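Colleague: give me a model of this one.
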Amino acid sequence: MEKKVLTTYRKLPREVKNALKEEYPLGFENILTTIKMISNGESVSALIYKYNDTQYLIKYTRKKNIDPLDNSKETEIEDNDVVEDLNIF
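Modeller: Numbering: from 1, shown residues only. Predicted structure coming up:
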């Protein structure tokens, strides 16, 4: 069974960050999905990314002129949560 994780780019394991940088060398802002969070009704942008046996829902806050692969400019959103039944995956 595949594990599903809701996280931010900043909190990803280094090996997943490296795989993202390799797969999306120009960034992934143009392929983000907009998701409405059930808990607070807030809409967030996210990337759904599969790495090994884990599917990541990587939340991302869009800001003007920010490279999504540059974690020094990332905004903290929430803690890592394992997502058991998230229908968007």
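
Colleague: okay, now the closest residue to Glu42 other than its chain neighbours: neighbour count?
Modeller: Counting by CB to CB, 6 or more residues apart in numbering, Glu42 lies nearest to Lys36, which is 7.4 Å off, once chain neighbours are set aside. For glycine as for every other residue, the C-beta is placed from the backbone atoms N, C-alpha and C. For Lys36, the tally of surrounding residues (other CB atoms under 10 Å) stands at 10.

Colleague: buried ones in the strand ranked longest in the chain?
Modeller: Among the elements of type strand in the chain, defined by DSSP state E, the one spanning the most residues is strand 43-51. The neighbour-count criterion (16 or more other CB atoms under 10 Å) identifies 44, 46-49, 51 as the buried residues of strand 43-51.

Colleague: of those, closest to Leu26?
Modeller: Leu47 (13.7 Å; CB to CB).

Colleague: now do the same contact list for the closest one.
Modeller: Shown here is Leu47, whose contacts under the criterion CB atoms under 8 Å, 6 or more residues apart in numbering are 28, 31-33, 56-58, 60.

Colleague: of those, buried ones?
Modeller: When burial is judged by neighbour count using 16+ other CB under 10 Å, the buried members of the contacts of Leu47 are 28, 32, 56-58, 60.

Colleague: circling back: lowest pLDDT pick from the contacts of Leu47?
Modeller: By pLDDT, Tyr60 ranks lowest within these, coming in at 81.

Colleague: which one is that residue nearest to, not counting chain neighbours?
Modeller: With sequence-adjacent residues excluded and distances taken as CB to CB, 6+ apart, Tyr60 is closest to Ser45, at 4.9 Å.

Colleague: quick check: bridge partners of that neighbour?
Modeller: According to DSSP bridges, the partner residues bridging Ser45 are Thr34, Tyr60.

Colleague: so what pLDDT did it get?
Modeller: Ser45 is given a pLDDT of 88.
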